Every structure is written in structure tokens, then in C-alpha cells.
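1. how does the following fold in three dimensions:
(one chain, ligands or ions: 2)
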Amino acid sequence: MAPQSSQAPLEFGGPLGAAVLLLLLPATMIHLLLVARSGPARLLGPPPYLPGLEALWSPRALLLLLGWLGLQAALYLLPARQVAEGQELKDKSRLRYPINGFQALVLTALLVVLGLAAGLPLRALPDMLLPLAFAATLTAFVFSLLLYLKAQAAPASALAPGGKSGNPIYDFFLGRELNPRIYSFDFKYFCELRPGLIGWVLINLALLLQEAELRGSPSLAMWLVNGFQLLYVADALWNEEAVLTTMDITHDGFGFMLAFGDLAWVPFTYSLQAQFLLHHPQPLGLPMASAICLLNAVGYYIFRGANSQKNTFRKNPSDPRVADLETIPTATGRRLLVSGWWGMVRHPNYLGDLLMALAWSLPCGLSHLLPYFYIIYFTALLVHREARDERQCLQKYGRAWLEYCRRVPHRIVPYVY
Ligand SMILES: NC(=O)C1=CN([C@@H]2O[C@H](COP(=O)(O)OP(=O)(O)OC[C@H]3O[C@@H](n4cnc5c(N)ncnc54)[C@H](OP(=O)(O)O)[C@@H]3O)[C@@H](O)[C@H]2O)C=CC1
Ligand SMILES: CC(C)CCC[C@@H](C)[C@H]1CC=C2C3=C(CC[C@@]21C)[C@@]1(C)CC[C@H](O)C(C)(C)[C@@H]1CC3
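-> Ligands and ions are numbered 1, 2, ... in the order given. Have a look, this model is predicted:
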């Protein structure tokens with residue numbers, strides 16, 4: 001297959017970077033899982049032991065994972081209270097998406113409550129994290145391979161701007177097709193919000209239950225981490241439609257990066273603080289807990305305000321909630337917000353997300369670096385993501401984007417960055 005000349009600049013270090021990430025990401029996830037349960041819990045030290053295949057591979061874990069994906073897929077297919085339209089595609093069409101993610105969360109919670117009452121051994125889940133994470137990685141790998149093959153038959157207009165380099169490793173990693181579907185089942189949209197995010201809070205809950213069994217009751221730190229992350233996930237599903245204007249849906253293809261990110265990385269590494277707390281209990285007083293709650297609330301307020309404002313504006317610029325905001329016209333006919341949240345910094349939603357990330361780590365105290373892995377990784381991810389987005393916006397909006405950068409000079413943190 002010849003490389004295409006209209007190809008966007010290669011990202012993530014090109015094919016070599018993609019090949020390194022293909023190995024490095026699963027290895028990092030396994031490392032974190034091993035270190036979180038070890039005594040010293042040293043993020044930067046070697047893992048306590050190197051697991052053999054017998055510790056990683058378990059047919060039971062694979063079955064459990066596939067059952068979980070099947071359940072979430074069945075919930076996705078249930079009648080939706082609303083159907084939303086995505087952003088306009090290259091061929092001027094718009095895809096339709098069911099809005100029933102919150103319903104899936106509530107139904108899953110109901111099933112879990114019924115299961116617990118019937119003796120479901122959810123407390124056993126923390127002991128299966130390693131084989132489950134391995135099974136999720138294998139599943140993501142096979143799934144991305146199928147997506148890559150499916151994309152060979154897709155028309156050029158269905159490919160993502162960054163996923164048609166012609167290099168198989170790079171395209172496999174980034175994803176070729178923008179919106180792979182079978183009939184109306186949209187794989188990327190499904191994976192982005194359901195199995196991984198709901199799985200994450202389920203793992204957190206299992207860790208909380210195991211802590212209660214181990215120590216008589218869950219610690220305040222464990223309650224906070226569970227509460228904050230449940231709020232984050234419930235909010236994402238409640239505002240499901242807003243995901244349709246994020247970069248993942250509008251720009252990125254669906255390949256290994258997102259499949260692994262959604263199915264393995266999110267549930268098994270985002271639950272790291274709760275994993276750490278189970279094995280390393282931390283004292284937390286009420287004044288400190290209140291300050292952390294305040295930080296999470298401020299972060300959430302900015303994150304939700306910014307994301308909803310952009311989403312409302314992109315859906316309908318005349319909506320009374322955004323109609324009075326100042327905007328810059330662009331040659332594409334779309335406008336850029338230059339007041340409100342988007343007049344404060346160019347990525348106010350990232351700022352709110354980062355404040356919440358800090359609030360999720362602080363309950364774990366300051367004795368270890370490990371629970372701060374999330375905010376370190378997340379800062380790197382968002383700084384890199386911001387740079388990618390700037391490049392894309394400059395390409396899309398040209399001079400109007402430069403004008404926006406002049407009017408709103410800071411990227412994420414007002415007066416700092
Ligand atoms: N927890 C996690 O692991 C992660 C969370 N996130 C969160 O996901 C959310 C979405 O992030 P992401 O998709 O990266 O980026 P954004 O939601 O910020 O989307 C960027 C797009 O918004 C539009 N835009 C930018 N500036 C303006 C403006 N001034 N006025 C109107 N539209 C504008 C542009 O698209 P266009 O003009 O084409 O509409 C741009 O490409 C964020 O809250 C982020 O924090 C992201 C990554 C990981
Ligand atoms: C494994 C790699 C290092 C990178 C993978 C990145 C993915 C894990 C993230 C890319 C964008 C994401 C978003 C969310 C979760 C993480 C991934 C998939 C998100 C669904 C979390 C909840 C938020 O409310 C959101 C705004 C809906 C997020 C959208 C982006």
C-alpha cells in the first residue's frame with residue numbers, strides 16, 4: 001500500500017514511537033498492578049517479581065472479561081431515551097448515537113446489588129486484577145487487529161486523518177477508520193464510555209469491599225477516592241452526548257491506542273489509588289478531607305462548565321446559554337468562543353480535569369509517589385494532547401486560530417502555561 005501524500009504529520013514519534021508504545025503501555029500497566037500490592041510500592045523501582053505466564057493467563061479471567069463486554073454491549077443495544085447526532089463528517093453526513101450510557105450505569109449497579117445479595121464474590125475481584133488486565137490487553141490487541149483489517153475495505157472518506165500513513169504498525173496503533181461500525185453499533189463510542197469507565201468504578205467498589213472485610217470498615221481515604229471517581233464516571237455518562245465533540249470521536253481513528261486505553265488502561269491503572277489504599281492504609285483527618293473535597297469540587301465545576309459550554313455552542317450557537325458569548329468567525333463558517341470559560345485559557349477543561357486528578361491522589365498521603373502516577377501521566381497526556389489539538393486547529397482555522405491565541409495567550413493554566 002503506497003503512503004498517501006495528504007497524510008497528516010506523524011505523531012507519537014512515528015512508526016518507531018508507535019512500536020515502543022505498543023510494548024511499553026501494557027508493560028507499564030502490569031508494573032503498576034504489581035507495585036501497588038507490594039510492600040515498598042516504589043513507582044520507579046523494579047517490580048517486586050516478574051510474573052510468569054501462569055500468573056497472567058487465566059481462561060476464567062478471559063471469560064469474565066468477555067462476559068462483561070457482552071453485558072455492556074447488550075445494555076448499549078437497549079432502547080435509548082434519546083438519539084444524538086455527531087459532528088458533520090467529510091461526506092457531509094452525520095452519524096446517530098444512542099444516549100443511554102447513564103441507564104447502562106444504573107442497570108449495572110442494580111445487577112451488582114442483586115448479585116451481592118445473591119452472594120456474588122465481588123471481594124475476590126482485586127485478586128484477579130493481574131489476569132484480568134492481561135486478558136483485556138489480549139482482547140484489545142485482537143480487537144484492534146480486526147479493526148485494522150475491517151478498515152482495508154473502508155472508503156477513503158471513512159479514514160481518520162492520522163491513520164493512513166501506509167505504515168502498518170503506525171496505522172494499527174493510531175487506528176485507520178474514524179467511526180468503525182457494524183450496522184448502528186459504533187465500536188469507538190461504545191468502548192470510550194462503557195466497559196472501561198464502568199469497569200473502573202466496579203474495581204474501585206471491589207477494593208472498598210475488600211478493605212471493609214480486612215479492616216472492619218473502609219477508610220475515609222478509600223471513600224473519597226471511590227466517591228470522586230464515581231462522580232467523574234457518572235458525570236461522563238450523564239453528559240454522554242458531550243463526548244461527540246471530543247478529539248477522540250471527531251479526529252482520532254480507532255486502533256490499539258484507544259482500544260487498549262479504553263478497555264485495559266482506564267480500568268486497571270485509573271483504579272491505582274484504590275489499589276494502593278487497600279495495601280497501604282493512610283490516615284486522613286476531617287480538615288484535610290474537607291480541603292480535598294473542595295479541590296475536587298472546584299476542578300469539577302471548571303471541567304463540567306467548560307465541556308458543556310463548548311458542547312452546547314457546537315450543537316447550537318444560538319442556544320440562549322451561549323448566544324451572548326463573544327466569538328471569532330473562521331473561514332470554515334464555524335466560530336471560536338473567546339469569552340466565558342474558553343476566554344480564560346485555551347483548554348479550561350484540561351485545567352479542571354487536572355485539579356480533580358490532584359484531588360484523587362491527595363487522600364493517599366505524601367509518603368509514596370505511586371498514587372501520584374495518574375496526575376503525572378495525565379499532565380504529560382494533556383500537554384501532548386493540547387499540542388496535537390493546537391496543530392489541528394491551526395490547520396483547520398488558520399488566521400482565526402492565531403487571532404484566538406493572541407486574545408487568549410495561555411493554554412491550560414492562566415498566567416502560567
Ligand atoms: N481522564 C482522561 O484520561 C482524559 C480526559 N480527557 C478529557 O476529555 C475532555 C475532552 O478533551 P479533548 O477531546 O482533548 O479536547 P476538547 O474537548 O477541548 O476538544 C478540542 C476541540 O474543541 C474545539 N475548540 C477548541 N477551542 C475552541 C473554542 N475556543 N471555541 C469552540 N470550540 C473550540 C476544537 O474543535 P472544533 O472547533 O472542530 O469543534 C478543538 O479541536 C477534556 O475535559 C479532557 O480533560 C481527555 C483525555 C483523557
Ligand atoms: C493508553 C494511552 C497512554 C492513551 C490512552 C488515552 C485514553 C485512555 C484516553 C483518551 C481520551 C480519553 C477520554 C476519557 C477517558 C480516557 C481516554 C479514553 C473520558 C471518556 C473520561 C471521562 C470524561 O468525562 C470524558 C470527557 C468523557 C473523557 C473523554 C476522553
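2. over to the residue of the chain found nearest ligand 2: give its phi and psi.
-> Residue of the chain nearest ligand 2, by C-beta to the nearest ligand atom: G261 (2.8 Å). Just so you know, the C-beta spots here come from the backbone N, C-alpha and C atoms, and that holds for glycine as well. Phi and psi for G261, reported as degrees, to the nearest 10, are phi -60, psi -50.
3. and it, what does it touch?
-> Going by C-beta atoms under 8 Å, 6 or more residues apart in numbering, G261 touches G196.
4. now L10: how far from D248?
-> Taking C-beta to C-beta, to the nearest Å as the measure, L10 falls 19 Å from D248.
5. more neighbours: which of these two?
-> Higher neighbour count among L10 and D248: D248, with 20 against 16, using other C-beta atoms under 10 Å.
6. need the residues of the stretch 101-250 of the chain near ligand 1, please.
-> Within the stretch 101-250 of the chain, the positions near ligand 1 by C-beta under 6 Å from any ligand atom are 245-248.
7. which of those residues are buried?
-> In those, burial by neighbour count holds for 245, 248, counting by 16 or more other C-beta atoms under 10 Å.
8. also within reach of ligand 2: list those from the residues of the stretch 101-250 of the chain next to ligand 1.
-> Okay, of these touching ligand 2 (C-beta under 6 Å from any ligand atom), that's 246, 248.
9. quickly check: the lengthiest helix in the chain near ligand 1 or not.
-> The longest helix of the chain (DSSP state H) is helix 286-315. Yes. Using C-beta under 6 Å from any ligand atom, we find that helix 286-315 touches ligand 1 at 303, 307, 310, 313-314.
10. what's that helix packed up against?
-> Packing partners of helix 286-315 (3 or more C-beta pairs under 8 Å, 6 or more residues apart in numbering; DSSP states H and E): helix 220-238, strand 335-337, helix 348-361.
11. need these in JSON lines (columns: mean neighbour count and mean pLDDT).
-> Formatted as JSON lines, the helices and strands packed on helix 286-315 follow (neighbours: other C-beta atoms under 10 Å; pLDDT from 0 to 100):
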{"stretch": "helix 220-238", "mean neighbour count": "20", "mean pLDDT": "98"}
{"stretch": "strand 335-337", "mean neighbour count": "20", "mean pLDDT": "96"}
{"stretch": "helix 348-361", "mean neighbour count": "22", "mean pLDDT": "98"}
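12. dump the ones you listed into a markdown table; add distance to ligand 2 as well.
-> Formatted as a markdown table, the helices and strands packed on helix 286-315 follow (distance: least, C-beta to the nearest ligand atom, whole Å):
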| stretch | distance to ligand 2 |
| --- | --- |
| helix 220-238 | 3 |
| strand 335-337 | 17 |
| helix 348-361 | 7 |
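13. okay, those in CSV with distance to Y49 next?
-> Listed next are the helices and strands packed on helix 286-315 as CSV, based on distance: least, C-beta to C-beta, whole Å:
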stretch, distance to Y49
helix 220-238, 26
strand 335-337, 52
helix 348-361, 26
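14. where does the stretch 251-400 of the chain come near ligand 2, residue by residue?
-> Applying C-beta under 6 Å from any ligand atom, one finds that the stretch 251-400 of the chain approaches ligand 2 through 257, 260-262, 265-266.
15. swap the cut-off to 8 Å and go again
-> Counting by C-beta under 8 Å from any ligand atom, the stretch 251-400 of the chain comes close to ligand 2 at 257-258, 260-262, 265-266, 303, 307, 349, 353, 377, 381, 385.
16. likewise for the stretch 1-150 of the chain?
-> So the stretch 1-150 of the chain meets ligand 2 at 21, 25 (C-beta under 8 Å from any ligand atom).
17. residue of the stretch 1-150 of the chain closest to ligand 1, please.
-> Residue of the stretch 1-150 of the chain nearest ligand 1, by C-beta to the nearest ligand atom: Q87 (7.0 Å).
18. settle this for me: that residue is touching T250, isn't it.
-> Yes. The pair Q87 / T250 is scored as a contact, 5.2 Å apart, by C-beta atoms under 8 Å.
19. what is in contact with the two at once?
-> With C-beta under 8 Å, 6+ apart, Q87 and T250 have common neighbours L244.
20. of the two, which one has the most company?
-> Remark: of Q87 and T250, T250 carries more neighbours, 18 against 13, as counted by other C-beta under 10 Å.
21. next, the angle from the longest helix of the chain to helix 348-361.
-> Following axes from the mean of the first three to the mean of the last three C-alpha atoms, to 10 degrees, one obtains 150 degrees for the angle between helix 286-315 and helix 348-361.
22. specify the angle between helix 286-315 and helix 220-238 in degrees.
-> Angle, helix 286-315 to helix 220-238, by the same axes, to 10 degrees: 10 degrees.
23. pLDDT on helix 286-315, on average?
-> On average, the pLDDT along helix 286-315 is 96.
24. right, and the helix or strand after it?
-> strand 327-329 (DSSP states H and E).
25. who are the packing partners of that following strand?
-> Other elements packing on strand 327-329 under the criterion 3+ C-beta pairs under 8 Å, 6+ apart are strand 335-337, helix 399-407.
26. of the ones you listed, which stretch is the most buried?
-> Among the helices and strands packed on strand 327-329, the stretch with the highest mean neighbour count (mean count of other C-beta atoms under 10 Å) is strand 335-337, at a mean of 20.
27. which residues touch that strand?
-> Contact with strand 335-337 is made by 309-310, 313, 317, 322, 325-330, 342-343, 397, 400-401, 404, as judged by C-beta under 8 Å, 6+ apart.
28. buried members of those into PyMOL, please.
-> Only the buried entries of the contacts of strand 335-337 go into this PyMOL selection, using 16+ other C-beta under 10 Å:
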select buried, resi 309+310+313+322+325+327+328+330+342+343+397+400+401+404
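29. on that earlier part again, which positions in the longest helix of the chain come out as buried?
-> 288-289, 292, 295-296, 299-300, 302-304, 306-315.
30. returning to what we had before: check contacts around the residue of the stretch 1-150 of the chain closest to ligand 1.
-> Taking C-beta under 8 Å, 6+ apart as the test, what Q87 contacts is 94, 244-245, 249-250, 314.
31. same thing but 6 Å
-> With contacts defined as C-beta atoms under 6 Å, 6 or more residues apart in numbering, Q87 is in contact with T250.
32. check the one 3 residues further on too.
-> Residues counted as contacts of K90 (C-beta under 6 Å, 6+ apart) are S157.
33. gap between it and P155?
-> 10 Å.
34. T137 now?
-> Noted for T137: a distance of 31 Å to P155, by C-beta to C-beta.
35. likewise for P195?
-> Noted for P195: a distance of 28 Å to P155, by C-beta to C-beta.
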